[in-house]
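A.B. asks: Pasted the sequence and its predicted model underneath.
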Amino acid sequence: MESHKEKNLKFINLKYEDFVKNISAESKSVINYLDLNYEEQQEHYYMSKNIATTLSLGQVRSKNYTTSINKWENYSPFLSESIKNI
């Protein structure tokens with residue numbers, strides 16, 4: 001399998017825990033990386049009146065979904081070999 005470097009692909013690394021802890025700064029960083037314009041209303045995404053058709057509607061409408069922070073650690077014994085390859 002070719003790596004992103006071999007294919008000359010650009011991407012941004014985000015750590016979920018950092019993102020949800022500081023969603024404003026991290027969002028601005030992603031928006032800047034994508035060369036898009038930041039709009040103040042993006043910080044209030046949970047107040048949008050747009051229809052969201054998803055099973056996670058409660059999460060879409062909540063301010064900041066932080067209850068999953070570090071939940072992956074429950075599976076770390078099963079991921080040890082995979083983590084070595086990352």
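C.D. replies: On my side now, so go ahead. Numbers count the residues shown, from 1 in each chain.
A.B. asks: low pLDDT regions in this structure?
C.D. replies: By pLDDT under 70, the weakly predicted segments of the chain are 1-5, 55-61, 65, 85-86.
A.B. asks: Just give me the longest helix of it.
C.D. replies: The longest helix of the chain (DSSP state H) is helix 23-33.
A.B. asks: contacts for that one?
C.D. replies: 12, 14, 18-19, 37-38, 42-43, 64 (Cβ atoms under 8 Å, 6 or more residues apart in numbering). Placement of C-beta: from N, CA and C, glycine included.
A.B. asks: Pull out the buried members of those residues.
C.D. replies: For the contacts of helix 23-33, a burial check counting by 16 or more other Cβ atoms under 10 Å picks out Phe19.
A.B. asks: residue closest to the middle of this structure?
C.D. replies: For the chain, the residue lying nearest the average C-alpha position, counting by Cα atoms, centre = their mean, turns out to be Tyr16 (5.3 Å).
A.B. asks: before we move on, the earlier item: dump the contacts of helix 23-33 to TSV, plus secondary structure and distance to Asn70.
C.D. replies: As requested, the contacts of helix 23-33 are exported to TSV (DSSP: H, G, I helix; E, B strand; the rest coil; distance: Cβ to Cβ, whole Å):
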residue	secondary structure	distance to Asn70
Ile12	coil	21
Leu14	coil	15
Asp18	helix	12
Phe19	helix	13
Asn37	coil	33
Tyr38	coil	29
Gln42	helix	26
Glu43	helix	24
Asn64	coil	15
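A.B. asks: Any chance of CSV for the contacts of helix 23-33, columns distance to Lys84?
C.D. replies: Output for those, formatted as CSV (distance: Cβ to Cβ, whole Å):
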residue, distance to Lys84
Ile12, 23
Leu14, 21
Asp18, 22
Phe19, 24
Asn37, 40
Tyr38, 38
Gln42, 37
Glu43, 38
Asn64, 32
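A.B. asks: from the contacts of helix 23-33, which is closest to Asn50?
C.D. replies: Asn50 lies nearest to Gln42 out of those, by Cβ to Cβ, at 12.8 Å.
A.B. asks: Give the burial count for the residue nearest to the closest one when sequence neighbours are not counted, as a bare number.
C.D. replies: Excluding the flanking residues, the one nearest Gln42 by Cβ to Cβ, 6 or more residues apart in numbering is Ser27, at 6.4 Å. Residues within reach of Ser27, counting by other Cβ atoms under 10 Å, total 15.
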